[in-house]
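S.K.: Need coordinates for the following:
(one chain, ligands or ions: 1)
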Amino acid sequence: MSLSQLNIHHVRNLRRASLNDANRINVLYGENGSGKTSVLEAVHLLGMARSFRTTSARTLISHGEPHCVVQGTVRSALTNGSVSLGVQRGGRGELSLRINGESVRTVASLVEQLPLQVINANSFDLLTGTPSARRQYLNWGVFHVEHRFFPEWQRFQRCIKQRNTGLRRDKLGGGELAVWTRELAKSGALLNDYRQAYFAQLAPLFRDLMQRLLPQLGELELRLRQGWDKRLSYEEALAASQASDREKGFTQVGPQRADLKVTVDGYPAADVLSRGQQKLVVCGLKLAQGQLMQSAGHSRCIYLVDDLPSELDTAHCQRVCEELDALQTQVFITCVAREDVARVWPGGEQPSMFHVEHGEISAR
Ligand SMILES: Nc1ncnc2c1ncn2[C@@H]1O[C@H](COP(=O)(O)OP(=O)(O)OP(=O)(O)O)[C@@H](O)[C@H]1O
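M.R.: From the prediction side, this is the model:
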């Protein structure tokens, strides 16, 4: 996938901005506060219908405007076709999505058209944040390579909601718990199978990438915790925790409790790695997902990399650029000075340069 054209209206200080000549590697450079991150945010809005730095639509919309709009054309190398996408977001969160001019209802249809990977300051959450950030990461990957994952995920959400209601009602002598527990056991086991199959492919790619990005690091291990005792089937685990679930009024075991653990020589990566090393591990995790999508014959994801040089020395920044370049996928990178990325980008195809100044984008 690649974004060939982008029109932005009223996203932060980008009142009316366009990016028409995006190539494979695109560097957005400019002073602090010029609007570089906002351009990435606009692309994210187009692919995910939301910002990556705020949950408040009002914050994202240019001051004094009722809504923001982003339109773009996405080309697929697989089908050789192109799709036009449009997202409008109002100040109270109202959302309107269009694909080829037709209104669509689910964000998932958008996500399929424009798979995005973000590497920014929030990405550290993958190591230092709550398990939900890591589950989101995992789900993103499985969603893009296993088409049965998303409907199963929806089924699972329905089942767990019903079971939790049943658990609370049971306290009052209600009934349907057994039915929902059986359904949940089936759905949760399937979700776990999809995740495990994905993880089995992801872990070696991550290991190889980290050997290139940080070869001097000790023994790096990535593990998937499935959310219940791995010696038990999900059905058995649900049965074992039923009494306690009843007590608490919710389901305590299952894929909704899964987590990924990254350790170095047995210690949690978040506790022992420097900030720069953490950033490289985060890049390794994100790059591994892009590699996996590609090797599975799926469309390529687009990388949005905010302020790549921060926290990285020149040699490590160069290694990340080499890996991004090797992926042969479209990349948008922000930095302050033009040379920040230009001087570390590997030979061959040179990045297209876009200067961002006071909310305007110009190719130069
Ligand atoms: N809702 C809004 N309406 C108008 N302007 C906004 C709004 N929200 C933020 N801004 C301004 O938009 C500008 C763009 O911010 P952005 O984070 O994109 O800058 P940047 O170029 O990435 O900067 P840095 O290099 O410091 O990270 C800032 O000057 C900010 O004050």
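
S.K.: what's the neighbour count on the spatially closest residue to L177 that is not a sequence neighbour?
M.R.: Leaving aside its sequence neighbours, L177 sits nearest to G166 (C-beta to C-beta, 6 or more residues apart in numbering; 4.1 Å). Just so you know, the C-beta spots here come from the backbone N, C-alpha and C atoms, and that holds for glycine as well. Residues near G166, counting by other C-beta atoms under 10 Å, number 21.

S.K.: now G166: how far from the ligand?
M.R.: To the ligand, G166 is 44 Å away according to C-beta to the nearest ligand atom, to the nearest Å.

S.K.: Can you verify that residue is assigned to a helix?
M.R.: Yes - counting by DSSP: H, G, I helix; E, B strand; the rest coil, G166 is part of a helix.

S.K.: domains of this protein?
M.R.: 1-115+301-364, 129-298 (automatic domain parsing).

S.K.: As a markdown table, these with mean pLDDT and distance to A121 would be great.
M.R.: Formatted as a markdown table, those follow (pLDDT from 0 to 100; distance: least, C-beta to C-beta, whole Å):
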| stretch | mean pLDDT | distance to A121 |
| --- | --- | --- |
| domain 1-115+301-364 | 94 | 7 |
| domain 129-298 | 94 | 9 |
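
S.K.: Name the SS class of the most centrally placed residue in the chain, please.
M.R.: Nearest residue to the geometric centre of the chain (C-alpha atoms, centre = their mean): Q117, 5.0 Å. Secondary structure state of Q117, per three-state DSSP, is strand.

S.K.: any idea of the pLDDT on it?
M.R.: In this model, Q117 is scored at 96, pLDDT.

S.K.: count of neighbours near the residue of the stretch 101-250 of the chain found nearest the ligand?
M.R.: Per C-beta to the nearest ligand atom, A121 is where the stretch 101-250 of the chain lies closest to the ligand, at 9.3 Å. By other C-beta under 10 Å, 14 other residues sit near A121.

S.K.: Tell me who's in contact with the nearest residue to it once chain neighbours are set aside.
M.R.: Closest residue to A121 apart from its sequence neighbours, by C-beta to C-beta, 6+ apart: D306 at 7.1 Å. By C-beta atoms under 8 Å, 6 or more residues apart in numbering, the contact list for D306 reads K36, T37, L40, V118, I119, N120, A121, T334.

S.K.: Try it again at 10 Å.
M.R.: Going by C-beta atoms under 10 Å, 6 or more residues apart in numbering, D306 touches 28, 36-37, 39-41, 52-53, 118-123, 332-335.

S.K.: Tell me where the protein has helices.
M.R.: 36-48, 57-60, 107-113, 125-128, 131-145, 149-171, 177-213, 234-248, 269-272, 275-295, 314-326, 338-342 (DSSP state H).

S.K.: What does the residue lying closest to N122 once chain neighbours are set aside show for phi and psi?
M.R.: Of all residues not flanking N122 in the chain, F52 sits nearest, at 6.5 Å (C-beta to C-beta, 6+ apart). Backbone torsions of F52, given as degrees, to the nearest 10, read phi -100, psi 0.

S.K.: I figured F52 hits S38, correct?
M.R.: No - F52 is beyond contact range of S38, at 11.1 Å (criterion: C-beta atoms under 10 Å).

S.K.: Count the residues that sit near S362.
M.R.: 12.

S.K.: Equivalent analysis for R246, please.
M.R.: The number of residues near R246, taken as other C-beta under 10 Å, comes to 15.

S.K.: repeat for the one 10 residues further on
M.R.: The burial count assigned to Q256 is 17, neighbours taken as other C-beta under 10 Å.

S.K.: and what of Q162?
M.R.: 17.

S.K.: got the contact list for it?
M.R.: E176, L177, V179, W180, T181, E183, L184.

S.K.: How about G359?
M.R.: Residues in contact with G359, defined by C-beta under 10 Å, 6+ apart, are 8, 11-17, 30, 33-35, 38-39, 62.

S.K.: tell me the phi and psi of it?
M.R.: Per degrees, to the nearest 10, the backbone of G359 is at phi 80, psi 10.
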